[in-house]
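> Quick one, structure for this:
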Amino acid sequence: MLNTHLERLQHADHDVRGRAAAQNDDVTVISKAAFALGRTGDARAIPALVRLLGHESRELQSTLASVLEGFGVPAVLPLLEILADERWQAREQAAYILGFIGSRDAVPALTKTLRDRHWQVRFASVHALGDLGGEISRQAVQSMHDDPDPRVRSLAPQMLKRIEMSQNYHRGGTLPRG
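Reported below is the predicted structural model:
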């Protein structure tokens with residue numbers, strides 16, 4: 001069965017590949033197909049991979065995070081578009097991956113997701129902004145001290161510390177040891 005999907009991956013266009021993977025109920029097959037799409041290195045695979053975001057399987061979530069992070073900047077725009085998706089799980093995962101990629105182009109959209117009605121999306125956005133750093137990220141994360149969810153409120157000071165350490169380092173300071 002896996003060989004059939006891999007053959008489809010080799011002979012079909014990337015959009016069809018993603019749909020074939022998404023229509024399969026076997027998470028391992030979907031995950032392997034996503035990994036294979038990522039291994040092509042062809043940015044045309046990104047839309048198909050992004051459509052798989054929000055799946056409940058941790059295996060697939062990890063695969064997608066790794067693969068999309070590997071594409072880097074070409075994945076940013078499709079991931080930014082997912083921040084408006086109706087599925088909160090997809091928005092959550094997109095926020096994390098944007099932080100992993102490290103493109104500060106994501107900061108304005110991530111600051112908007114700090115108002116998402118789902119705490120998981122706000123949590124992922126705070127985390128991503130902490131990864132991205134910069135003054136706008138710092139201000140946005142600082143505003144989360146009064147978030148309605150205690151998990152988000154608890155994460156905000158940790159991410160502020162990360163941002164401040166990064167800013168200090170980039171000004172010529174040193175990172176604390178330990």
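
> So for Val152, what pLDDT did the model give?
On pLDDT, Val152 comes in at 98.

> same deal with the one 10 residues further on?
pLDDT for Arg162: 95.

> For it, list the residues it contacts.
Gly130, Asp131, Gly133 (Cβ atoms under 8 Å, 6 or more residues apart in numbering). Where you see a C-beta, it was placed from the backbone N, CA and C, and this is true even at glycine.

> Looking at the chain, which helix is longest?
Among the segments of the chain that qualify as a helix by DSSP state H, the longest is helix 150-170.

> buried ones in that helix?
Neighbour-count burial for helix 150-170, counted by 16 or more other Cβ atoms under 10 Å, picks out Val152, Leu155, Ala156, Met159, Leu160, Arg162, Ile163, Ser166.

> go on, stretch 83-100?
By neighbour count with 16+ other Cβ under 10 Å, stretch 83-100 contains the buried residues 83, 85, 88-100.

> Tabulate the buried residues of helix 150-170 (CSV), appending distance to Ala140.
Output for the buried residues of helix 150-170, formatted as CSV (distance: Cβ to Cβ, whole Å):
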residue, distance to Ala140
Val152, 12
Leu155, 13
Ala156, 10
Met159, 10
Leu160, 10
Arg162, 13
Ile163, 10
Ser166, 15
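
> Looking at those residues, which two lie furthest apart in space?
Farthest pair in these (Cβ to Cβ) is Val152 and Ser166. Separation: 20.5 Å.
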